[in-house]
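[1] model this:
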Amino acid sequence: MNQKKLYIYQLADFLFSHDMKMSGEELAEHLNRNGFLTEYGSEYQGGRGTYRLIKEVWSWLHDELKAERAAEKVARAFVKPDGGYAYE
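    Numbering: from 1, shown residues only. All right, here's what the predicted structure looks like:
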């Protein structure tokens, strides 16, 4: 799981540095295309599970690693369809 979290953070870092955004649905497609599966071994659908994963990455960075700047990049890079923060 930490490999997936690190990958998502690195993607967020890239998006943030280019002032770009990605929705949970787009993240799901990206993860599926690149061989990442859910903890159940299935593909991501872009729904609650994908947004829960974004929240887990944000919490991992913010709460566990105390990497607030990194968590901010995840918060700003991944959005809901309405443009709101995906990690909330």
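[2] tell me the contacts of the residue nearest in space to the middle of the chain?
    In the chain, the centroid-proximal residue (C-alpha atoms, centre = their mean) is residue 54; its distance is 3.7 Å. Each residue near residue 54 by C-beta atoms under 8 Å, 6 or more residues apart in numbering is listed here: 8, 24, 27, 74, 78, 86, 87. All C-beta spots, glycine's among them, are computed from the backbone N, C-alpha and C.
[3] Buried ones in the helix or strand where residue 52 lies, by neighbour count?
    Applying DSSP states H and E as the criterion places residue 52 in helix 48-59. Neighbour counts over helix 48-59 (16 or more other C-beta atoms under 10 Å) mark 50, 51, 53, 54, 55, 57, 58 as buried.
[4] Nearest to residue 39, out of the residues you listed: which one, please.
    Relative to residue 39, the closest of the buried residues of helix 48-59 is residue 53; by C-beta to C-beta it sits at 9.3 Å.
[5] Distance of the closest residue to the closest one other than its chain neighbours relative to residue 77?
    Using C-beta to C-beta, 6 or more residues apart in numbering and skipping residues adjacent in sequence, the residue nearest residue 53 is residue 8, 7.1 Å away. Distance from residue 8 to residue 77, counting by C-beta to C-beta, to the nearest Å: 9 Å.
[6] what do you get for residue 54?
    Residue 54 sits 9 Å away from residue 77, going by C-beta to C-beta.
[7] Show me where this structure dips below the pLDDT cut-off.
    Scanning the chain for pLDDT under 70 picks out 1.
[8] So which residues of it form strands?
    22-23, 78-79 (DSSP state E).
[9] Deepest-packed of those strands, please.
    Neighbour counts (mean count of other C-beta atoms under 10 Å) averaged over each of these peak at strand 78-79, with a mean of 24.
[10] what sits against residue 55?
    Contacts of residue 55 by C-beta under 8 Å, 6+ apart are 86, 87, 88.
[11] and what of residue 25?
    So residue 25 contacts 46, 50, 81 (C-beta under 8 Å, 6+ apart).
[12] just to revisit the earlier point, relative to residue 88, how far out is the residue nearest to residue 53?
    Going from residue 8 to residue 88 by C-beta to C-beta gives 16 Å.
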